[in-house]
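**Q** sequence first, predicted coordinates after that:
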Amino acid sequence: MENKQDCLIRGTAMNGRVRAFAVRTTVLVEELRRRHDTWPTATAALGRTLTAGAMMGAMLKGEERLTIQVKGNGPLGQIVVDANAKGEVRGYVNEPHVHLPSNSKGKLDVAGAVGREGFLHVTKDLGLKDPYRGSIPIISGELGEDFTYYFAVSEQTPSAVGLGVLVAPDNSVIVAGGFIVQILPGLSEEELTMIEQAVGAMPPVTSLLDQGLELDEMLRRLLPDVEILEQMDISFQCHCSRERVEQTLVSLGKSELEQLIEEDGQAEVVCHFCNEKYTFEKEELQQILNKAIH
């Protein structure tokens with residue numbers, strides 16, 4: 001099967017009283033798996049969070065951006081994902097080398113890796129003085145249910161969230177994607193029940209994508225009258241650069257820089273998000289030190 005490009009669609013249904021998002025993130029999740037050398041259970045946990053992040057980013061406007069932190073008590077440590085309104089997403093997990101035995105359903109044990117206790121934090125930079133911050137306790141660790149709970153509690157928007165990552169025996173990502181359906185005011189009990197039943201009957205996102213189903217067809221299974229309003233590309237984008245890393249080194253201050261020069265004679269800085277390595281030799285560090293002093 002040829003690898004389709006990652007993209008996201010946004011639509012509405014039931015006369016604008018339901019909004020829906022669907023996304024394919026296969027290329028994005030595979031890119032981050034490769035960069036961070038994540039093992040299958042870690043790939044699935046990071047991939048589900050990246051997928052939710054891509055859709056939550058699409059709910060923003062202009063230059064707004066958000067950061068998701070999943071801090072559970074499992075072996076993965078923390079998952080961090082950054083996304084913006086332009087479809088640019090990046091992320092990492094503290095412990096990429098986590099792979100657990102399958103759970104009772106024969107699936108990757110994401111909840112075991114994330115942990116069933118801890119917190120999910122969402123910080124949105126909306127260009128205001130103070131960022132918006134919403135937090136909820138982790139309720140399952142499977143992440144789809146946790147994001148569903150986040151929308152209900154932090155944003156008071158009843159939602160259904162489906163997230164999935166399918167990993168091949170050679171560890172590569174076969175497909176990844178998800179959907180979010182959000183209920184806006186004005187739906188009747190009957191309409192609500194119809195949506196709940198459709199969500200309940202929906203096969204896993206990964207099996208639909210693996211069968212080659214398009215994103216709009218996936219949403220139509222949930223909302224037959226969905227009208228697609230927008231489509232956008234989703235891509236991995238990191239904002240690190242040598243200049244930014246240099247700024248970070250300048251901010252260390254005189255004594256720490258002098259110590260680096262004397263003890264190590266060089267510095268290597270690795271970006272958390274993309275794993276790029278930036279090496280600064282002694283002469284460069286000396287120049288940075290001069291900048292820091294002046």
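**A** Ah, there it is. Residues are numbered from 1 along each chain as shown.
**Q** so the residue most central in space within the chain is in which element?
**A** Central residue of the chain (Cα atoms, centre = their mean): Leu50, 1.9 Å from the mean position. Secondary structure assignment for Leu50, by DSSP states H and E: helix 40-57.
**Q** and Met232, by the same measure?
**A** Following DSSP H and E, one finds Met232 within strand 227-233.
**Q** name the helices or strands packed onto that strand?
**A** strand 7-13 (3 or more Cβ pairs under 8 Å, 6 or more residues apart in numbering; DSSP states H and E). No exception for glycine: its C-beta is placed from N, CA and C like everyone else's.
**Q** contact partners of the strand it packs on?
**A** 18-24, 54-55, 58, 87, 215-216, 219, 223-234 (Cβ atoms under 8 Å, 6 or more residues apart in numbering).
**Q** so the strand holding Met232 versus strand 7-13, what angle?
**A** Relative orientation of strand 227-233 versus strand 7-13 (axes from the mean of the first three to the mean of the last three Cα atoms, to 10 degrees): 160 degrees.
**Q** quick one: average pLDDT of the helix or strand immediately after strand 227-233 in the chain?
**A** The helix or strand immediately downstream of strand 227-233 is strand 235-236, counting by DSSP H and E. For strand 235-236, mean pLDDT is 94.
**Q** what pairs with strand 235-236, parallel or antiparallel?
**A** Applying DSSP bridges to the sheet, strand 235-236 is found paired with strand 88-93 (parallel).
**Q** could you report the distance from Gly141 to Ala113?
**A** Separation of Gly141 from Ala113 (Cβ to Cβ, to the nearest Å): 8 Å.
**Q** any shared contact partners between those two?
**A** Common neighbours of Gly141 and Ala113 (criterion: Cβ under 8 Å, 6+ apart): Gly74.
**Q** returning to that earlier point: return the distance of the residue lying closest to the residue nearest to the centre of the chain once chain neighbours are set aside relative to Ser135.
**A** Using Cβ to Cβ, 6 or more residues apart in numbering and skipping residues adjacent in sequence, the residue nearest Leu50 is Gly91, 5.0 Å away. Noted for Gly91: a distance of 18 Å to Ser135, by Cβ to Cβ.
**Q** of those two, which one has the most company?
**A** Regarding Gly91 and Ser135, a neighbour count based on other Cβ atoms under 10 Å identifies Gly91 as having more, with 26 against 14.
**Q** quick check: next helix or strand after the top strand by length along the chain?
**A** Taking DSSP state E as the criterion, the chain has its longest strand at strand 173-183. Downstream of strand 173-183, the first helix or strand assigned by DSSP H and E is helix 189-201.
**Q** could I get the buried residue list for whichever helix or strand comes after that following helix?
**A** Sequence order places helix 205-210 as the next helix or strand after helix 189-201, per DSSP H and E. By neighbour count on 16 or more other Cβ atoms under 10 Å, the buried set for helix 205-210 is Val205, Thr206, Leu208, Leu209, Asp210.
**Q** let me have those in JSON lines, extended by distance to Tyr278 and pLDDT.
**A** Converted to JSON lines, the buried residues of helix 205-210 look like this (distance: Cβ to Cβ, whole Å; pLDDT from 0 to 100):
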{"residue": "Val205", "distance to Tyr278": "37", "pLDDT": "95"}
{"residue": "Thr206", "distance to Tyr278": "36", "pLDDT": "95"}
{"residue": "Leu208", "distance to Tyr278": "41", "pLDDT": "95"}
{"residue": "Leu209", "distance to Tyr278": "36", "pLDDT": "95"}
{"residue": "Asp210", "distance to Tyr278": "38", "pLDDT": "95"}
